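Q: I'd like to go over a predicted model; first the sequence, then the structure.
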Amino acid sequence: MLKYLIEKEFKQILRNPILPRLILVFPLMALLILPLAANYEIKNINLCVVDNDQSPYSRKLVEKIRSSGYFVITKTAKTYDKGLEAIEYDDADVLIEIPKNFEKELIREGKGKVLISANAVNGMKGGLSSSYLSSIVTDFAGEVRSEWIEAGTGGGVPVIEIMPLNRFNQNLDYHSYMVPAIMVMLLTMICGFLPALNIVSEKEAGTIEQINVTPIRKFTFIISKLIPYWIIGIIVLTIGFGVAAVGYNLLPAGSFGTIYVFAAVYVLAVSGFGLLVSNYSETLQQALFVIFFFVIIFILISGLYTPIKSMPEWAQTLTVINPLRYFIEMMRSVYLKGSGLFDLQKQMIALLIFAGLFNVLAVVSYRKRQ
Amino acid sequence: MKAIEVKGLKKKYRKTEAIKGVSFEVDKGELFGIIGPDGAGKTTLFRILTTLIYPDEGEARVEGLDTIKDYKEIRHIVGYMPGRFSLYQDLSVEENLTFFATVFNTTIKENYHLIEDIYKQIEPFKRRKAGKLSGGMKQKLALSCALIHKPKVLFLDEPTTGVDPVSRKEFWGMLKKLKKEGITIIVSTPYMDEAMLCDRIALISEGEIMKINSPEGIIDEYDSRLWKIRGEDMHRLLKDVREYEGTESCYAFGDSLHITLKGGEESIGGLEKFAEEKGHGKIRGEEIRANIEDCFMKLMKK
């Protein structure tokens, strides 16, 4: 009987004019476009230079900033106020002022001052551009110093150079961080939404009434709704692996097996959640909106876009009851660090609890009668 | 044991009382009609009997099984065809039938004899999607699906609403045949003419059963004399007749008016004269035998 019910679900899904295509196209589009568009690396920052010194050193500094590739010098101003005006008119995002006697002081006292002002209307861009800029200046100072040491004029100032080594993602490649997380988002959307909408549309069509007067057990009925989406979830994930490998040259450091095992549990959890919502919704509109509400919150506090550690205390506590969080943690660990099942026990247990909880609640709250 | 026993059934939806204390019994093998206008409580009654909702008060038994306690057993032995077409529109005719056979743990073959007459008519279209069938064919498919597990009791909620007259007639013919198979059939309908085709009927209005009897029995109980008149301008005639002091009731039925007079008056002559004076020309009153609708109207008035 269960086999027949599942067969019927697949027939209906495949006959739907939109669903099968969307299931294929959605992961492709999301994975190919999102990581490229939603990028934290900021390039082409418009820079305004106020060089009051006009000395070889100040010119050298400006040249260094230009050659970093992050900045485009769109404006040179005579005074700080003029430069600020450029920022106000949005001709520049950030301003660097090199004071008069910059070179003299640098040589005489071994110290130089520069002023950086950034437009922080876009907080992220402002913060990043000023920090890029200051690291370039620091770099510049280091170069000057080592020049003097070589020339024997520096007077033996010890130089400490910091060389950061980024473990697991050496080049801080944004894609290898984002792509696994987007796969999780996809699984959540497809496997959370579809089963819920499926049941609610049976309610709207009245077919559920016809099912309810049959001797089908509610457990069987719910399972027959879960399994197809479970299979679809695994297919979507596989497509995701393919896109990551071909499009971003990204293969997990760990094993695919670990991810599949986790995905199997995770899909069960989110589709159980979707079914739970559907049991309390009478119309597609209601179901869609409720799931939308939860999925957006889940995604925002999952650590997908912003690190959990930098969230306020209460938000961090909230992430404990967010199944997405555990799955994203797992994905990144497996892809970047090569973690195995054994290292991810905590995440596995959490997901198992969610899967169990949501599905038990879904079966219990599915009433064949009022 | 009766096929259906209902005692003091009540059901409220928030503030509206859908059913206000309904009791009746249906014999095995009977074709029982529940006749009443929209909103009378027919569907609620069906939903309680098919174990889809709980009654607030009272009890209902189907084949001796309680609709609350023994709902699992009831689901094996009843067939239900809801008022709205509710089969899978994106599955074909054959797939729908197979689906319902499978969920009842049976096969089309096993009970094919039961649905043969009906299914044969839609079999040429068995690969067509259910959503693409015409109204009459949808009805036939829905009936086939409700019958495929050989139910002991068949519930048909307004099966002929929105179906053309020819298909309606056919449909009732099929019900007669099913009755011969020993299946108890409970059918609801807002059409009074269909009432005559039932063994017994219950007239229901606003959640209460007004009368239960055979259609003939109900007509025989009609104790007023009834006249039929016809005129040129029916709309004005209806208004004028209702103004006439001797008129007890007057309703339009198709192309004529059905009239009863106050105090069981022996002759309609007074009214005829009155109508003539009002400029309706020569009006002839003809005494007729009441139909179910007349009975229903009379009961409603009480």
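A: Yep, it's here.
Q: CA atoms for contacts and neighbours, from now on please.
A: Noted.
Q: now do the same for the closest residue to residue A:56 other than its chain neighbours: its pLDDT.
A: Spatial nearest neighbour of residue A:56, chain neighbours left out: residue A:103 (7.8 Å); criterion: CA to CA, 6 or more residues apart in numbering or on different chains. If you check residue A:103, the pLDDT there is 84.
Q: check which helix or strand covers residue A:103.
A: Applying DSSP states H and E as the criterion places residue A:103 in helix A:102-109.
Q: what of residue B:33?
A: With DSSP H and E as the test, residue B:33 turns up in strand B:31-35.
Q: note down every partner strand of that strand and its orientation.
A: Looking at strand B:31-35 with DSSP bridges, its partner strands are strand B:184-189 (parallel), strand B:200-205 (parallel).
Q: so the next helix or strand after the last one versus strand B:31-35, what angle?
A: Following strand B:200-205 in sequence order, the next helix or strand is strand B:208-213 (DSSP H and E). Relative orientation of strand B:208-213 and strand B:31-35, computed by axes from the mean of the first three to the mean of the last three CA atoms, to 10 degrees: 140 degrees.
Q: could you dump strand B:208-213 to PDB, C-alpha only?
A: What follows is strand B:208-213, C-alpha atoms only, in PDB (Å, rounded to 0.1, in the frame of the first residue of the first chain):
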ATOM      1  CA  GLU B 208     -34.300  19.700  11.900                       C
ATOM      2  CA  ILE B 209     -36.100  16.800  10.300                       C
ATOM      3  CA  MET B 210     -39.700  17.800   9.700                       C
ATOM      4  CA  LYS B 211     -41.000  14.500   8.400                       C
ATOM      5  CA  ILE B 212     -39.900  11.000   7.600                       C
ATOM      6  CA  ASN B 213     -42.000   8.800   5.400                       C
END
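Q: what residues does that strand touch?
A: B:19-23, B:40, B:200-204, B:218, B:299 (CA atoms under 8 Å, 6 or more residues apart in numbering or on different chains).
Q: which among those count as buried?
A: B:19, B:20, B:21, B:22, B:23, B:40, B:200, B:201, B:202, B:203, B:204, B:218 (16 or more other CA atoms under 10 Å in any protein chain shown).
Q: returning to that earlier point: right, is the helix or strand following the strand holding residue B:33 up against chain A?
A: Note on strand B:31-35: by DSSP H and E, the next helix or strand toward the C-terminus is helix B:42-49. No - Helix B:42-49 lies apart from chain A when judged by CA under 8 Å from any CA of the partner chain; the minimum separation is 9.4 Å.
Q: which residues are contacting helix B:42-49?
A: B:11, B:18-19, B:34, B:36, B:53-55, B:60-62, B:67, B:83, B:155, B:157, B:188, B:204.
Q: tally of neighbours for residue 240?
A: Because you didn't say which chain, this covers chain A. A total of 25 residues lie near residue A:240 under the criterion other CA atoms under 10 Å in any protein chain shown.
Q: chain B, not that one
A: 15.
Q: ok, it - contacts?
A: If you count contacts by CA under 8 Å, 6+ apart, residue B:240 has them with B:275, B:278.
Q: can you tell me the SS state at it?
A: helix (DSSP: H, G, I helix; E, B strand; the rest coil).
Q: mind listing what the residue nearest to residue A:56 touches?
A: Counted by CA under 8 Å, 6+ apart, residue A:103 has contacts A:53, A:55, A:56, A:57, A:58, A:112.
Q: those residues, buried ones only, as a PyMOL selection?
A: Of those, the buried ones go into a single PyMOL selection, burial set by 16+ other CA under 10 Å:
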select buried, chain A and resi 53+57+58+112
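Q: strand partners (parallel or antiparallel) of the helix or strand just after the helix holding residue A:103?
A: Counting by DSSP H and E, the element after helix A:102-109 in chain order, helix or strand, is strand A:115-118. Using DSSP bridges, strand A:115-118 pairs in its sheet with strand A:94-98 (antiparallel).
Q: name the residues that touch the partner strand?
A: Contact with strand A:94-98 is made by A:45-53, A:58, A:80, A:83-84, A:87, A:113-119, A:126, A:129-130, as judged by CA under 8 Å, 6+ apart.
Q: from chain B, how far out is the nearest residue to residue A:114 once chain neighbours are set aside?
A: Leaving aside its sequence neighbours, residue A:114 sits nearest to residue A:98 (CA to CA, 6+ apart; 5.0 Å). As for residue A:98, its distance to chain B is 73 Å (criterion: CA to the nearest CA, to the nearest Å).
Q: who does residue A:98 form a beta bridge with?
A: For residue A:98, the beta-bridge partners are residue A:51 (DSSP bridges).
Q: which bits of the stretch 1-150 of chain A sit near chain B?
A: Contact residues (CA under 8 Å from any CA) of the stretch 1-150 of chain A with chain B: A:1, A:4, A:5, A:8, A:11, A:12, A:15.
Q: where's the first one relative to residue B:95, distance?
A: Between residue A:1 and residue B:95 the computed distance is 14 Å (CA to CA, to the nearest Å).
Q: of these two, which one has the most company?
A: Using other CA under 10 Å as the criterion, residue A:1 and residue B:95 rank with residue B:95 on top: 19 against 15.
Q: and that one, that one's in a helix?
A: Yes - according to three-state DSSP, residue B:95 belongs to a helix.
Q: for chain B, state which of the contacts of residue A:103 is nearest.
A: residue A:58 (74.1 Å; CA to the nearest CA).
Q: state the mean pLDDT of the helix or strand in which the closest one is found.
A: Per DSSP H and E, residue A:58 falls inside helix A:56-67. Across helix A:56-67, the average pLDDT comes to 88.
Q: report the distance from whichever helix or strand comes after that helix to the chain centre.
A: Later in the chain than helix A:56-67, the nearest helix or strand by DSSP H and E is strand A:71-76. Centroid separation for strand A:71-76 versus its chain: 31 Å, with CA atoms, centre = their mean, to the nearest Å.
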